Structures are given as structure tokens and as C-alpha cells.
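Undergrad: Everything below, folded, please.
(one chain, ligands or ions: 1)
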Amino acid sequence: MSKILNYINGEFTPPLKNEWIDNVNPSEGRVYGQIANSTVEDIEKAYQAAKAAFSSWSATTIEERSRILLKIADLIEAHLDRLAEAESMDNGKPLSLAKSVDIPRASANFRFFGNAITQFSSDAHESVGLNTLNFTLRQPIGVVGCISPWNLPLYLFSWKVAPAIAAGNTVVAKPSEVTPMTAFLLGEILTEAGLPKGVLNIVHGTGPSAGQAIIEHPNIKAISFTGGTQTGEHIARTAAPMFKKLSLELGGKNPNIIFADCNYAQMLKTTVRSSFANQGQICLCGSRIFVEKPLYAKFKTDFIAEVQKLKVGHPMEEVNLGAVVSEAHRDKIESYIQLAQEEGGTILTGGKRVTVKGYENGYYLEPTVIEVPDAQCRVNQEEIFGPVVTLMPFETEEEVMAYANGVKYGLSATLWTSNLDRTLRLSKQLETGIVWVNTWLNRDLRTPFGGVKASGVGREGGFEALRFFTEAKNVCIKYE
Ligand code: NAD
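TA: Predicted coordinates for the structure are as follows:
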């Protein structure tokens, strides 16, 4: 049985109270390891290590910080196979996806911020006539907390910790207790890359125990969080009275809006992916599909045919969908499939469990398409976060904008059209942080990333992330 230890002050250590939780392999439905169940004492130990490392790390030259981040990126790439296998085993995602997306992107995150920090700059304002010059000092905050979810484990963990350390902070970070393996393996890489002890401390455990201790810690001054909207609310309630800086990347219920004038073949292919990649467990998946009336019948037939070709199976094999992340999550997804029928929805394809030979205890579900009677039903309003999409026709732009914006979430939207005027008009009207037009999950790491409404507060990516992880201080100098 593997044991997942904390990585504190550059060393692997067991939790102080010696408590452990099970680590489950979702594709086989069995416990395959133990995870440190850290408590407030472990977080304090990690905080002390981070605090001790801060003065030296924040004074380390940008070139040296950059060099270490680039080295981490190289080492992740060098260990791609091992990390991808670990990610796939821990999460249930197809190995091919972990190899082509998750691990390359984790490496790219370190490389991107290793380079970005060398280009980061701040403003100066000369007050002409007043003989003053203002310049903005951008200083690292101190010890910051990073908390990440299970769906893209190393990808999202590195998306936070890389800019945090690049900007000169030291970090107490907690990956999801559901998928801790690759963050654990990252510890070895950090040591090999020569990251000084205490700069990045990785602590494992549950949200209510280890996570709560991070958000409540009086001297952890900023929290970068990605996860569910409810957890985000709780974090905001806890951290706001302590005036912590907060970046919250939360849930989504993203519209995928298809007009009859789109490039049909491209749209169909991409829509299969945007619906079911990673078993639909990507916050950016287009889980509500709206199709313009003239195209609706054709789309419905072709989409169902394509979805039925998708292969569900053990993630180490050549499959399109692996297992969903846990038994509890499978039950939640199934409860929505049940609810859809109670709400008058029609299951066009899928809706059932898949039994994979040799792995009968794994958590497999068919990719599921549900035609819903109205946009307000719960399956069309609440985040399911699984291989389930809803389908509805629309007639006018006004109608589909009301559907698209008529949810509490506002993370991303996808628009399929060849009409430029419409593209610009609707891009402005969509209440989301990201609009993809004729594409999906197309990411340039320099762009601002984040949601509006219940999908979050703040932006990650590019210089936005470096700004979040620094405090701006105006220095005003009077000269004669
Ligand atoms: P979650 O909120 O249950 O957990 C996320 C992290 O928060 C985990 O590490 C967890 O241990 C921790 N946590 C839980 N309770 C806590 C507490 N009281 N204090 C501190 N930390 C606590 O989310 P999840 O189920 O792991 O992830 C799925 C959710 O994440 C979905 O809603 C999805 O949309 C969202 N998500 C959003 C984005 C984005 O960029 N907006 C990206 C990926 C996932």
C-alpha cells in the first residue's frame, strides 16, 4: 500500500497525529493507499517552514527563481509517463488524456510562470507640475495558501503554486484528498530541481481538517482556491473578516450555443469533446447544449450517433471515457439522471452504469444526453459535473441569451456561428468570464481566466495571477 506523506520543509513527513484516510482507485473500486489526514498542527508546521523560507526566497533574484521553475517544468516532462499513470490511477481519467493534457499542462504552467516572472513589470506615474514621481512596488505577499480540486489534479495544483512561488511567496498548499498522488510525487521533483526548503509545502488531508486550518490561519494572507461553489462560499465567509486576499475559481453550468450557420463538422466533433472529456468532469465542459431550430433534428441524430461510438472502459486502455472519480460522485450523477426523468426529461442515450470486465467494482457511467423540456429545470440549472449534457432547441438570439444567462453560474460559454456581427453581439451579452467562439478549451496561458456570478471572484492566468500573488504599494517621491 502506498503512503502519501506531507512534504514540509523539503522533507516527506507523516502527519503529526498519525491519522490516515483511504486512497481509492476509482477505475477498480478499491483502496490502494493511505493519505496523511493532516490537522491544524501539520498546517502550523508547514506555515512555520514557509515563514522561515520567505525572507530568503523573496530576495532571491528573478533569474534564479525562473531557473528553478523551468527546471521543475523539465523534470515534470521527464517523468511524464510515471506522473500520467499516477494521475490516471488516482482519478480514473484515460491515461491518454493524462499524457496529452494533464501532465504536459502541469509542466507548461511551471514553464509559463518561470518565464512570465522575468517579464513582469509595474507602473510609474509622473505627476507633471507637482514634481512627484509615483511608482508601484509589487511585493510578494508572504505565506499564501493554495487549495485545489480533484478533476485536473496536478494541472490545477501547479496553476496556483507556480505563480505563487514565481512572485516570491512561500506556500502552504493542499491538493484534493480525492486525488493527492501527483502532488505527492511533485515533492521529489521540487527537491531535485533545487527549490529551497520551505518554499512550497504540500500538506494532504480533508477539507474540513487540513483545508479549514489553512483558510483560518491568521498569518496565511492570501488564499487561491479552485473547487465547488459551496466550498467557495464557506471560504469567503471565513476569510473575508480576516481581510485575506481571495481568488475563487468555482463551479460552472456552461452553455454550448449552436447556430445553424456554423461549421457543422467542426462543431459536432468539438461538441462531443466539450461534453464528455474527462468524463464531463471539467469545470469548462459545455453541459447545456442549445441548438437553433433548423438544425435541431439533424444535430440530435448525429450527436447521439457520435456519442454512442464513445468507448467507456479501464483508463489504461484505449478508451474515450474512464471512470468517474468516486462512488459518492457516481451516486450524485445518477441522482441527477433520475431527477431528469422526474422533471419530464427524455434520455436520448446513456443513463446507465457500465460494467467493465475485470473491473466490475469501478465507477463507470455511460455518456448521457438528456432532452429537457425547459431551461429552468434542476438538471439544467445545477452543476452535475459528470458525463451528462442537456439538449434544447431555440429560435432567436434573445431566447438563447435568456437561457444561457439564466443560471446562477457564469464561467464559460461556447458559441458556434460564422456570423461576425452575432459573435461580437453575443460575446458582449454572455454573462461569463470566458467565451469560446468556434472552439473549446483553447487556452493561451497569458489570458485572464475565471468566472462571474457564482463561478467565482478574481482572475488567474498571465500577469493577473502574478498581480494576485503580489501586493501593490505606491511609492510617491517629491523632487525639487
Ligand atoms: P470541493 O470544493 O469539494 O473541494 C476542493 C478543495 O477544497 C479540496 O482540496 C477540498 O479538500 C477543499 N476543501 C473542502 N472543504 C474545505 C474547507 N472547509 N476549507 C478549505 N478547503 C476545503 O470541490 P471538488 O469536488 O474537489 O471539485 C469539483 C468542483 O470544482 C466543481 O464544482 C468544479 O466546477 C470546480 N472547479 C472549478 C474550476 C474553475 O477553474 N472554476 C476548475 C476545476 C474545478
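Undergrad: okay, now the closest residue to Pro140 other than its chain neighbours: neighbour count?
TA: Sequence neighbours aside, Gly168 is the residue nearest to Pro140 in space, at 3.4 Å (criterion: C-beta to C-beta, 6 or more residues apart in numbering). (C-beta placed from N, C-alpha, C; glycine too.) Neighbours of Gly168 under the rule other C-beta atoms under 10 Å: 23.
Undergrad: Pretty sure Gly168 sits against Thr61.
TA: No: Gly168 lies out of contact with Thr61 (C-beta atoms under 8 Å); the separation is 10.3 Å.
Undergrad: Quick check: nearest residue in space to Ala472, chain neighbours excluded?
TA: Thr136 (5.2 Å).
Undergrad: Output the helix or strand the one you found falls within as CSV, nothing but the C-alphas.
TA: Following DSSP states H and E, one finds Thr136 within strand 132-140. Provided in CSV are the C-alpha atoms of strand 132-140 (Å, rounded to 0.1, in the frame of the first residue of the first chain):
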residue,chain,number,x,y,z
THR,A,132,6.3,64.0,-7.9
LEU,A,133,7.0,60.6,-9.3
ASN,A,134,4.9,57.6,-8.2
PHE,A,135,6.0,54.1,-8.8
THR,A,136,4.2,50.9,-7.9
LEU,A,137,6.2,48.4,-5.9
ARG,A,138,4.9,44.9,-6.4
GLN,A,139,6.0,42.9,-3.4
PRO,A,140,5.2,39.2,-2.6
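Undergrad: Report the contact partners of Arg105.
TA: 152, 155, 158 (C-beta atoms under 8 Å, 6 or more residues apart in numbering).
Undergrad: for the last one, helix, strand, or coil?
TA: Think Ser158. helix (DSSP: H, G, I helix; E, B strand; the rest coil).
Undergrad: What mean pLDDT does the helix or strand encompassing Ala84 get?
TA: Ala84 is part of helix 80-91, with elements assigned from DSSP H and E. Helix 80-91 carries an average pLDDT of 98.
Undergrad: This structure - how does it break down into domains?
TA: 2-250+455-478, 255-444 (automatic domain parsing).
Undergrad: Mind checking these for the one nearest to the ligand?
TA: domain 2-250+455-478 (2.0 Å; C-beta to the nearest ligand atom).
Undergrad: distance between the ends of the closest one?
TA: Start-to-end span of domain 2-250+455-478 (C-alpha to C-alpha, to the nearest Å) is 62 Å.
Undergrad: from the chain's centre, how far out does it sit?
TA: 12 Å (C-alpha atoms, centre = their mean, to the nearest Å).
Undergrad: Show me which residues of the stretch 251-400 of the chain are close to the ligand?
TA: Applying C-beta under 6 Å from any ligand atom, we find that the stretch 251-400 of the chain lies next to the ligand at 251-252, 283, 383, 385.
Undergrad: where exactly do the strands run in the stretch 51-200 of the chain?
TA: In the stretch 51-200 of the chain, the strands defined using DSSP state E, counting those that start in this stretch lie at 124-127, 132-140, 143-147, 170-174, 200-202.
Undergrad: Turn the ones you listed into TSV, columns for mean pLDDT.
TA: Below are the strands of the stretch 51-200 of the chain laid out as TSV (pLDDT from 0 to 100):
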stretch	mean pLDDT
strand 124-127	96
strand 132-140	98
strand 143-147	99
strand 170-174	99
strand 200-202	99
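Undergrad: I'm done for today, thanks for sticking with me.
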